[in-house]
Each structure stands twice: as structure tokens, then as C-alpha cells.
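Trainee: could you work out the structure for the sequence below:
(chains A and B)
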Amino acid sequence: MIEPGRWVELAGIEPRPRWTPRLLFFTALILIGVTVLSWRLFELQVIQGSAFNRLALINRIHRLPIEAERGVIYDRHGLQLAFNDPAWSLQVTSVGLPDDRGSRAAEYQQLARLSGRTAADIRLAVTANPDPYRPLTIKAGLTQQEAETIQERLPQLPGVRLDQVPVRRYADPEIYSHVLGYTGKIDGEAYKQLRGLGYLPDESIGRAGVEAGLEDLLRGRNGWEEVETDANGVVKHVLAMQPPVAGQSVYLSLDAALQKEAYGRLQEGLAKANSKAGAIVAADPRDGEVLALVSYPGYDDNAFAAGITQAAYDKLLADPGKPLYDRAIAGLYPPGSTFKMITGTAGLEEGKITPSTLLGCPSHLSFGAWTYWNWARYDFGLMNVLKAIPTSCDTFFYQVADRLGPDALASYARAFGYGAVPGIEIPGAQAGVAPNPDYKQSICATPGTPECSWNEGDTVTMGIGQSYVLATPLIQAMYAATMGNAGTLLRPTIVHKVTDGAGTVLMSAQPGVVRQVPISPANLEVLRQGMNQCLNGPWGTAAIARVLGFKWDGGCKTGTAQFGGTGVDLPSHAWFVDFGPYNTPTFASATLLENGGFGEYTAEPVAVNVLDYYFDHRGQINLDG
Amino acid sequence: MVRLHPLHRLDPLQLLLTAMLVSLGLMAVFSASQSDLKRQLISLGVGLAAFAAAAALDYRLLRRAALPTYAVCLLLLLAVHLVGHSALGARRWLSIAGFPLEPSEISKLVILVVLANHFARAQGREKRIPTLLGALALAAPPAVLILLQPDLGTAMVFAALCVGLLFLGGASRLQLAGLAALGAAAVPIVPHLLHGYQRRRLEIFLNPASDPLGAGYNLIQARIAVGSGGVLGHGWLHGPQSQLGFVPERATDFIFAVYAEQFGLLGCLVLLMLFALLLVRLAWAASVAPDRFGFLIATGVAVMLFFQVAENVGMNIGLTPIAGIPLPLVSYGGSALVTNLTALGLVQSVMLRRRLLVYRPEQVLERYLLNESGTVRLGPEMEAPLTT
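Mentor: Predicted structure coming up:
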């Protein structure tokens, strides 16, 4: 009995459904649709399933390179000159950047503000990166403050990250700048060629100095890691890895302390001489190892390591002192009187004079229509070559040169290393010039005219290192070393040894002999005596060294090389070349003060100070007790 | 008088299928974007309330409310153009008390009711031209406003709904053929009406490899995700394509790809089966509807859901061009979930008011019409033993 008002369950039987033909058609359509979709799914997931699986793998598995750490550069005693400091770098992964053009451009603008590069530059770098999953370094070596500023903005910068990447640092930047050079990012054009060598588009490469010259040793071998990333390139797992091999350690032949001393003394000497630029090259005449290689002014190579701004670079280029110009190996200067040992060698060897030949040393001599003066305006009287060198008598050497002619002189100049690029490991070294009549024609503005043909005046002034003779301080130092070591022209080297990460020596410097200069020991001894007299003789142009308190013995030659035309009272570069000790030289150097006036007054005090330092520390510098 | 419990007439199978689809959807949303799950659960709560309300409400009352609702809906669509929020180059959202509202989603439901009412009123005049023109005139204003947002996907749903109701509502074959001819003639001018990105989508559909890292990326990545799922899938929360972000819009338009990667062909067949059963069940609901309006509501909901499922799954597997249509009940998106659940609730309302045959001990079947309050009149002779 059911009471009214109570809930009850009624068993109901469904009414007969009215399936109209169109409703049936629609139902059939549903079933057909689902069947078509199912078939397509079967096709994708079963028939092509493994192919899509492979595509999914390619999507997320990426092989990313790991940049090898660059080799450390030491001085000969193991003092670090160029090394790697951990620093934050700003990196961009292309796939992580916003997809739509507007936000992407806005992000480039933001990055430009944060990195100091232009937005167009960044866009170019990002689009040139062949692997969109590889983080590309936009700016390396961020300061802590820069890194913090970027860190705060990271959430608004998709695809951007900060990573700790070693950045190149240099000790005492100005002092070693020309020797060490610097590294920099590969630019687009260069990358096309370097790609085949396994370089990464944003990898740093040596751009100057030893960094460029020894790139192959310093670079190391990049490794890789196989990673799983998400769609934005963020690494989720590392699946496999091939560790990179760090670059080799290079021990330069430089003595850091000597280099520092030379740089300081040169700076001091330049200030006194009211000159802006100069160079000192010192080498060991026994093996050609370069002990000091100074070009003044230097520049801050650390500014390059982190990526120099265009403004800073333009400023360096506009500097009248041309700090980027490595005068020590690339500066071409007339050698002036320092050339006279070559003229002497040629005269003696060609039989134009003998050690006892006496020639006059008047205040002036005429050749053809022209009169050529000695540096002194009075007659020194008759003298032999042994006296002509310490007195630096120009008129004596005019006569010797006149007897030799330009070709003989040039061939001896070449024997001493003029006109050939010294084989030092630093790119950019210049060859100097051992001129002959053809050379004059080749550089003359109006070839074929009389003023382009070689005249007697060119020959006689060539005898005193003027005319068209040009040399670099490095060539001069090796020439001085040749005078010191009994006539062996050595190949200069800046590398003392190379070791791997474990300290195993892979390579040590071997003396490289370029040639034995064609000079008899007796003749050479005469010229060496002359250089010694220069320091010790009563007429020696360098006798002031003794006044300056120089106690050691050796040989030297001053030079005051006029430049900027022909005539009298021209400006001059101050030179000083030397070797020592006299009997078994272990040191040879060339000192140049650009537009420095008289060699004996400006270059000599600098050179003597460096010599003093060397002799005070020679046991240590030469590493032989 | 005995009152019949209304829940008795609720369609449990439809409810079960809906619950299963929503559950799979929640799993997929969670795996695609865990942070979206909370909002989706809130939307689900709202959606279930709307479902219950729509089921409880006598659907016949909607006939009176149809035109006022239609007017409000047009105003909302206009408001979107004036004060709406944009995303991905389209203006689609209004902010209601901090919650984003997509009037174009709700308008689907409104146009469904309005068209059903229109065809129900035209009973007996189905094959007349004014009926057809009236339907087009009702559908056109909201469709144009939605196209201008631009929201091609929803506009396409409108068109499908219109055609579906014309077909199932009994329009003449000639009219349908004319409409089809008109549609075919419009095809060549469609590319000119499309926005740049829509045209790109069409080109990409025709040739995905033309721009693999740009516009074709979504399509290719979704297809890779589906294909790499294989037979059994990578397992829940384990599809690399979706977990590592290669599948774009993975909680919304491309949730099917996420699902397919994780659950494989078997999971996809289960999902499609559930949808097929639900749709057939809706068609069945139409077949037992007590009146013309109820029939049209049920078929309209079925057409709307079917079109969205086919288009969304189709675009995920490269069978149809990309159009921003979410997968009903599965994709993340509050407005769509609430709209779809409300639609299903309306069908339940139709079911709740269907005629039932009441079993009597005498084995005599007799029709009883349930009145509006859900009670059934039983004669005094039937008070005897009923099953309790």
C-alpha cells in the first residue's frame, strides 16, 4: 500500500524511441566519423609510430658542445700572465626566444641595453647560430653587479640565461699586452673558414700576440654533452658526455720581472726624452729566447677579453700614441749608426778595407753634387774601423759604403736578418728593408724618372743606416745577439716550453739557427772590439754608461737615426743596441725611443738600466744558476 | 497521488559517460599544465552546478526566455569588442568578477536554444523558405560578431549547428542542397576573408612542411606527439613531447595530442568510444524527447559536440585545418566546460520530462504524461503493489 505523499520508485519502461531517418543518418555519421578518426590514429600511432618516435627523439635530444678551457700562459719561471677566471656570461638560446616578431625584437632591445651590444648585432649573432638549442654567449665576463641586474630580469627574458664561463684575464695588462695579445669572439666572416676546424660561432679565438700565434696550442679540444632539453632549450638531463681537453700551458721565454723593469725604464726614459713611444727587445744570444719584448704604449688587453665596446676600441684606434701598434716587432725605423757593424762587416769581408785600413774622418764629404756631414762638425783625423765604430764616424762609413756599392751592403744586411720576417711566434712581425736600386724604384711615386733612380748619395747614407734601410727593434736585437754570439743569426722565440695539464713537457725551446753570418772570426772580433770600445774607449759614444755607473762589460752601439726626409737638423729616433757580458754573452738587446733624439742621451740610459737589472739578476733570469 | 522521484528518469548512462570524459580530461589537463588544474576544478564545480540547474529547470521554460537571452548574448558579444581582453591576437574575453568569461562559448548554447525554439515554432512549416531564412537571420548577427573577434572556430560551430538543426529539423533536401552549393561557391573567397594567421593555418594544413619552425610547428609537433604515443603510450605524466613543451597550447587546443602521447592508441580508442557512446546516447535522448523542442535541443547538443570533437581530434592528427576549437569536456577552459555541461544538463532536463511507461502488476502498459512538477497521476486502481 503506498501512502500518498511518499516517494516511491516506479519501475518504468522506456517508450519506444522514434528514430527518424535523419536521426539515424546523423547517428551513422557519428560512427563513421569516429571510425575515420580511429583509422587515422592507427596509421599515426602504429604504422608510423616508430618514425614519429624517432622524430620525438630528434626534438629533445641535442648534442651541445662544451668549450675547452684555454691554456694558461706563464713567464719562464711559471708566473701566470694569462689565465681563466670564472665569470658570469649572458647567453641566449634561440628556441627559447618568444615566437612572435614583436616580443622578440623587444627582447633584443632589452639584451642590447644589458650587454652594451647593439640589438641588430645580437639579432645577427642569434640568427647565425646554426644550432638553435645551443646557448650562445652574448656577453662574457659580466661584473657581479651586471650579473645581478640581469638575474633580476631573467623571468621577463625567455630564452636568456646566465652561466659561469671562464673568461680570459691578463696580469699587468699594459706591460705584456703586445706579447700576449688578446682573445676575442670570432666574427661572422672569419667563422666561415674556422667552422671546419671545429670552432663554435661564439668561441673566443686568439686575435693578437701569443694568443693568436699559439692558438693551436692554447685552444684545446672542445667536448660535447648529449642532453635532453625542453622545447625552450632548457636542459633537463645530461645523457652522455665527452669531456673537453683543456689547452696546453705555454711557458714564455719572457722574464716577467725583466719585462716589467724594461717597461718601467722605457716609460721613464720616454718621459725624459719627451717622446711618446718606444720599444725594447732583449734576447738570449745563445738560444734566441726573447727575455723581454716591450712596446710602449701598451693597452689594456683585459678590456678585449670580455668583449671590447666599439667606443673603447675606436678610442684606442684614435690614440695618437697608437697603443695597438706593436713597435717591437712591427715598427720599421731606420737603424742609423747601429747599422755600422754591418757596413764594417761588408767592407772587411769584401776586402774593401782591412782592420788596419786608415780612412779620414772629416766633418763632411762630397759625393757628386751633394755634401754629406759627419755628426761632428770637426775633423777626427785618420782612423781604422776599430776606432770608427766607437766614435761612430759617419764620413768613415760613407767611404766604405761608397767602395761597396748598394748590392754588397744589402746582401750583408740580409745576412744579419734585415729584410726577412723573424720567425717569432707572434703574428705581425715585419721584415725590415735591406734596400737596393730596384727597391727604390718600387716604392718611388714616379717610377722611371731620375729622382727614382739610385744615386751615390743613397749608397753612402746606406752605410750609416739611413737611406732606405729599415729595421724593427726585434731585428735589431737579433742583430746585436749575432754580434755577441760570434756570428750566428738565431731565430727569435718567445716560447720556453709547453706542457700539458699534468705538467708533462710536450715541447721545449730549441735554438733555431737561421744562418752563420759570412764573417771570419778575426773580422768579427774587430767589430766586437769596436762595440766594446764604444762603452770603454775614450771616444766611445756610449762612454756615458760608465758615468751612469754601469759596471759590467759588453759591447754596444748607439744610433741616432734621422727620419722624415733628407737634410740636416731632422728629427731622429734614438737607438741603442748591446750585448753582454763581452766574452760569453748571455744577453743582447735593442732599445728604441721613437723621435727620441740622440741615442746616447735618451736610449742609452734606458738600455743601461735594463742591462744593470739583467746583470744583477742574471742567474735567475737565465735559469742556469 | 503518488509522486515519482525525478532522479528515476535521469539518464545515468549519459551522466556516467560525461563523468568519465571529464575525469580523463582532468588527468590530461593535470599532465599538460599542473597549474591549470585548480582553475579547471573550480570551473568543473560551476559546470556541475549549471548541469544540475539545467537538468532541474523545465527546458520548456526556455522557449519563453529564448529571445531575451539572445539579446543579452548579443550585448555581451558587443561588449567583447569594446572592452574585452585580447590574447593571441584575438579579443575574446570579458572579465566578470576577476574570472575570464568567453561570451562566444556561451553564445553557442544561446543560439542552440534560439534555433531549437525557432524550428519548434515552425513545426509543420519546416520545408518553407521563411523558416530557413529566419534561422539564418537569427544565427548571422552573433556569428558575424564572433568572426570579427576573430574566432573562426566558434563561428564554424555556429555554422555546423545551423546546418545540423536544419537537417534534423526537417528542412527540405532542396534547401539543404542549395545551402551546400552556396557553401561550395564560397570556398574560393574564403582565403580572402581569413585573417593572416588563419590563412597561414590553412596553408600549413595543406603543406605542413612549408614552415616547419614557424607556423607549421604546432601541427608537426602535435602529430609527432600523437604518433610517438604508439599503441600503449608513454604512460600518464610521461609523454616527452608534451612534458618538455614541444606540443603547443597543450592544455587547450592540443590536449588530444597530449592525451594520445601518454595513453597511446588504446587510450585514444577508449576516448573516442566514450565520445561516440555519449553522442549516440544524445541522439537516443532526442528520439525519446517528449516534444519537438526537446528533440531539437538534444540533437542540437549532439551536433555541437560532435562537430567539436571531430574538428579538434582531426586537427590534432592532421585531418582538418587548425581552428581554435577545444575538445569538449577534456580541454582546459572554464567557459567551454561550463557551456558543455550546461548543454548536457539541458538534455537531462529533456530526459527528466520524457514519457515513461509504468509497469503495473496486471502487465498492462499504459502511457502516463508526467506533469511539470514531476508527479504522475495514478488511478486508484493502481495503488496496489508497486515495487519499492
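
Trainee: from now on I want contacts and neighbour counts done on CA atoms only, so please keep to that.
Mentor: Noted.

Trainee: in the stretch 151-300 of chain A, what residue lies closest to chain B?
Mentor: Using C-alpha to the nearest C-alpha, A:Asp230 is the residue of the stretch 151-300 of chain A that sits closest to chain B, at 4.1 Å.

Trainee: so how far is stretch A:331-349 off the chain centroid?
Mentor: Remark: stretch A:331-349 is offset 29 Å from the chain centroid, using C-alpha atoms, centre = their mean, to the nearest Å.

Trainee: does A:Ala502 sit in a helix, a strand or a coil?
Mentor: coil (DSSP: H, G, I helix; E, B strand; the rest coil).

Trainee: in the stretch 301-450 of chain A, which residue sits closest to chain B?
Mentor: A:Gly307 (31.6 Å).

Trainee: that's a helix at that residue, yeah?
Mentor: No: judged by three-state DSSP, A:Gly307 forms no part of a helix; its state is coil.

Trainee: circling back: pull the number of nearby residues for the residue of the stretch 151-300 of chain A closest to chain B.
Mentor: 23 (other C-alpha atoms under 10 Å in any protein chain shown).

Trainee: residues touching the nearest residue to it once chain neighbours are set aside, list them.
Mentor: Leaving aside its sequence neighbours, A:Asp230 sits nearest to B:Leu244 (C-alpha to C-alpha, 6 or more residues apart in numbering or on different chains; 4.1 Å). By C-alpha atoms under 8 Å, 6 or more residues apart in numbering or on different chains, the contact set of B:Leu244 is A:60, A:229-231.

Trainee: so which of those sit within strands?
Mentor: Judged by DSSP state E, the contacts of B:Leu244 include A:Thr229 as members of strands.

Trainee: could you dump the contacts of B:Leu244 into JSON lines with pLDDT and distance to A:Gly565 added?
Mentor: Below are the contacts of B:Leu244 laid out as JSON lines (pLDDT from 0 to 100; distance: C-alpha to C-alpha, whole Å):
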{"residue": "A:Arg60", "pLDDT": "90", "distance to A:Gly565": "70"}
{"residue": "A:Thr229", "pLDDT": "89", "distance to A:Gly565": "68"}
{"residue": "A:Asp230", "pLDDT": "87", "distance to A:Gly565": "70"}
{"residue": "A:Ala231", "pLDDT": "85", "distance to A:Gly565": "69"}
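
Trainee: ok, so of the contacts of B:Leu244, who is nearest A:Trp88?
Mentor: Looking at the contacts of B:Leu244 and their distance to A:Trp88, the nearest is A:Thr229, at 21.8 Å (C-alpha to C-alpha).

Trainee: tell me, how many residues neighbour that closest one?
Mentor: 21.

Trainee: with adjacent residues omitted, what lies nearest to B:Phe246?
Mentor: Counting by C-alpha to C-alpha, 6+ apart, the residue nearest B:Phe246 is A:Ala231, at 4.8 Å.

Trainee: name the residues of the stretch 201-350 of chain B found near chain A, please.
Mentor: Contact residues (C-alpha under 8 Å from any C-alpha of the partner chain) of the stretch 201-350 of chain B with chain A: B:223-231, B:240-241, B:243-246, B:264-265, B:268-269, B:272-273, B:276, B:279-280, B:283-284, B:287-288, B:306, B:310, B:313-314, B:317.

Trainee: show the buried residues in these.
Mentor: The neighbour-count criterion (16 or more other C-alpha atoms under 10 Å in any protein chain shown) marks B:223-231, B:240-241, B:243-246, B:264-265, B:268-269, B:272-273, B:276, B:279-280, B:283-284, B:287-288, B:306, B:310, B:313-314, B:317 among these as buried.

Trainee: quick one: terminal-to-terminal distance for stretch B:93-103?
Mentor: 7 Å (C-alpha to C-alpha, to the nearest Å).

Trainee: tell me who's in contact with B:Ser43.
Mentor: B:333-335, B:337-338.

Trainee: in helices only, show me the residues you listed.
Mentor: B:334-335, B:337-338 (DSSP state H).

Trainee: before we move on, back to that, pull the most distant pair out of the contacts of B:Ser43.
Mentor: Maximum distance among these (C-alpha to C-alpha): 8.7 Å, for B:Gly333 and B:Val338.

Trainee: stretch B:69-86: how far from the chain's middle?
Mentor: 20 Å.

Trainee: how far away is A:Gln466 from A:Ala279?
Mentor: 19 Å.

Trainee: before we move on, what about A:Gly206?
Mentor: 23 Å.

Trainee: likewise A:Gly198?
Mentor: Counting by C-alpha to C-alpha - A:Gly198 and A:Ala279 are separated by 37 Å.

Trainee: more neighbours, these two?
Mentor: More crowded of A:Gly198 and A:Ala279, by other C-alpha under 10 Å: A:Ala279, with 28 against 10.

Trainee: what's the longest helix in the chain?
Mentor: Unless you meant another one, I'm taking chain A. helix A:21-42.

Trainee: not quite, I wanted chain B
Mentor: Max-length helix for chain B by DSSP H is helix B:255-287.

Trainee: not counting sequence-adjacent ones, nearest residue to the one residue sitting closest to the centre of chain B?
Mentor: Nearest residue to the geometric centre of chain B (C-alpha atoms, centre = their mean): B:Leu305, 3.5 Å. In space, and not counting its chain neighbours, B:Leu305 is closest to B:Pro328: 6.6 Å by C-alpha to C-alpha, 6+ apart.

Trainee: same check on A:Ile280?
Mentor: Nearest non-adjacent residue to A:Ile280 (C-alpha to C-alpha, 6+ apart): A:Thr591, at 4.5 Å.

Trainee: again, but for B:Asn218
Mentor: Closest to B:Asn218 by C-alpha to C-alpha, 6+ apart is B:Pro248, at 5.8 Å.

Trainee: just the helices in chain B please.
Mentor: B:12-32, B:34-56, B:62-83, B:103-121, B:129-148, B:152-168, B:173-186, B:190-193, B:196-206, B:217-228, B:240-243, B:255-287, B:292-316, B:334-352.

Trainee: and the last one, what other elements does it pack with?
Mentor: Read it as helix B:334-352. helix B:34-56, helix B:103-121, helix B:255-287, helix B:292-316 (3 or more C-alpha pairs under 8 Å, 6 or more residues apart in numbering or on different chains; DSSP states H and E).

Trainee: now the second one: how far from the chain's centre is it?
Mentor: Yep, that's helix B:103-121 we're talking about. Distance, centroid of helix B:103-121 to centroid of chain: 12 Å (C-alpha atoms, centre = their mean).

Trainee: between it and helix B:292-316, how many degrees?
Mentor: Interaxial angle of helix B:103-121 relative to helix B:292-316 (axes from the mean of the first three to the mean of the last three C-alpha atoms, to 10 degrees): 140 degrees.

Trainee: what's helix B:103-121 packed up against?
Mentor: helix B:62-83, strand B:90-96, helix B:129-148, helix B:152-168, helix B:292-316, helix B:334-352.

Trainee: okay, the angle between the third one and helix B:62-83?
Mentor: Interaxial angle of helix B:129-148 relative to helix B:62-83 (the same axes, to 10 degrees): 30 degrees.
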